[in-house]
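S.K.: When you get a sec, could you give me coordinates for this:
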Amino acid sequence: MAVATVARFAAPFFLTKQTRISTLGNFPFLHITNPINFSPVAGICHEVHAYRRDADDVLLKGVADKNTVEAVRHILEMARRASSRREVLHTDFLTPPILKESMHVLEKLADVKAVAQGGYPQAERCRLTVGHSEAMATVPDVVTSLSITGNFGFQPCSHGDFLGAILGVGIAREKLGDILLQGEKGAHILVVPELVDFLVTSLDKVGNVPVSCTKIPLLALEYEPPRTKSFKTIEASLRVDAIASAGFKVSRSKLVDLISNGDVRLNWSLVTKNGATLKTGDIISVSGKGRLKIGEINTTRKGKFAVELIQYL
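M.R.: Take a look at the predicted model:
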């Protein structure tokens, strides 16, 4: 809370001792009894900070992964700051789990609007633009696209090759969005606008292939739906441990171990319970093994479930 805001509410409270906290609009409000001398700096600011932290902990209660919690907490603080100052602020590119959890938490805040931008509809890594709803009448573009071209016909380069080359010139990973491979033509990449000129002048090689880097409109991006293959499994239940073990072709006990180790996600959220029930459209991801989407689910004559599994290649 800004000092000016504290001062606005502090004046009536200097004569009391015991306090409790509720809310007045979007601001913490202190109810105080038992008159004494009271320091606004040592008292009110401390109480307001404690209240805000407790409120954040409630909002973040459903986020299981520790690293994700801290990232979402930072975004929550950014959104509150932007809203109170009537500003519009932007994050760097976020991973899908952090993006999903952040959007879920920010939906609970009054007067805060959040918009995700990744450069194209299927983008996995996106930036969040946050601010007071009145200040977000128009949302600026915060993603720029670049084309990296070279003679890749004889020396094909992978996603990792392009990523390594970009990081190798000093770009932090969070400043870079998705990388869209273009076969022999190279790749299209999404970046923060402020690094476009630097990349254009600095990126001259991917692997052993000399390249040129040019800015292109977002509408010129070329991307294809992800390649998939489908197969079916018959299971006695729709529990995540049963379906995922069949889909990833690992034993159920191994899948349970993966869940315990924090390696399994459902719709980008960490799976903490083996018995979580799946439905059509859910996406399961396992670290090092890829992703599966749950397709059509039918019940067999014997009361089991015939589940279509769509594997991303």
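S.K.: only C-alpha atoms for contact and neighbour calcs from this point on.
M.R.: Noted.
S.K.: any idea how far Lys205 lies from Ala172?
M.R.: Separation of Lys205 from Ala172 (CA to CA, to the nearest Å) stands at 18 Å.
S.K.: Compare those two (neighbour count), which wins?
M.R.: Lys205 (17 against 11; other CA atoms under 10 Å).
S.K.: so what's that one closest to, chain neighbours aside?
M.R.: Closest residue to Lys205 apart from its sequence neighbours, by CA to CA, 6 or more residues apart in numbering: Val211 at 5.1 Å.
S.K.: helix, strand or coil for the one you found?
M.R.: Using DSSP: H, G, I helix; E, B strand; the rest coil, the structure places Val211 in strand.
S.K.: contacting residues around it?
M.R.: By CA atoms under 8 Å, 6 or more residues apart in numbering, the contact list for Val211 reads 148-151, 203-205.
S.K.: Highest neighbour count among these?
M.R.: For those, neighbours tallied by other CA under 10 Å; top is Ile148, 25 neighbours.
S.K.: Please look at that residue and Thr214 and confirm they touch.
M.R.: Yes. Taking contacts as CA atoms under 8 Å, Ile148 lies within contact range of Thr214: 6.8 Å.
S.K.: and the residue nearest the centre of the chain, how far is that from Val286?
M.R.: A centroid search over the chain (CA atoms, centre = their mean) returns Leu99, at 1.7 Å, as the residue closest to the centre. Distance, Leu99 to Val286, using CA to CA: 18 Å.
S.K.: can you list the domain ranges for this structure.
M.R.: According to the TED database, the chain comprises the domains 62-131, 144-220, 228-312.
S.K.: Show me where the stretch 101-250 of the chain has its helices.
M.R.: Taking DSSP state H, counting those that start in this stretch as the criterion, the stretch 101-250 of the chain contains helices spanning 159-168, 196-202, 240-247.
S.K.: Which one of the domains of the chain has the poorest average confidence?
M.R.: Lowest mean pLDDT of the domains of the chain: domain 62-131, a mean of 89.
S.K.: just to revisit the earlier point, among the helices of the stretch 101-250 of the chain, show me which one is buried the most.
M.R.: helix 240-247 (a mean of 22; mean count of other CA atoms under 10 Å).
S.K.: what's the offset of that helix from the middle of its chain?
M.R.: 25 Å (CA atoms, centre = their mean, to the nearest Å).
S.K.: Against which helices or strands is it packed?
M.R.: Other helices and strands packing on helix 240-247, by 3 or more CA pairs under 8 Å, 6 or more residues apart in numbering; DSSP states H and E, are strand 228-235, helix 252-260.
S.K.: Those: which one's closest to Thr277?
M.R.: Closest approach to Thr277 among those is made by strand 228-235 (12.4 Å; CA to CA).
S.K.: what angle separates that closest one from helix 240-247?
M.R.: Relative orientation of strand 228-235 versus helix 240-247 (axes from the mean of the first three to the mean of the last three CA atoms, to 10 degrees): 120 degrees.
S.K.: So what are the sheet partners of strand 228-235 and their directions?
M.R.: strand 305-312 (antiparallel) (DSSP bridges).
S.K.: where's the nearest residue to Leu180 once chain neighbours are set aside relative to Ala137, distance?
M.R.: Once flanking residues are discounted, Leu180 sits nearest to His188: 5.0 Å by CA to CA, 6+ apart. Using CA to CA, His188 is found at 30 Å from Ala137.
S.K.: Looking at these two, which is more packed in?
M.R.: Applying other CA under 10 Å to His188 and Ala137 shows that His188 carries more neighbours, namely 25 against 9.
S.K.: isn't the more buried one right next to Leu181, touching?
M.R.: Yes. Checked against CA under 8 Å, the pair His188 and Leu181 is within contact range at 6.4 Å.
S.K.: What is the burial count for Ile234?
M.R.: The tally of other residues near Ile234 (other CA under 10 Å) stands at 18.
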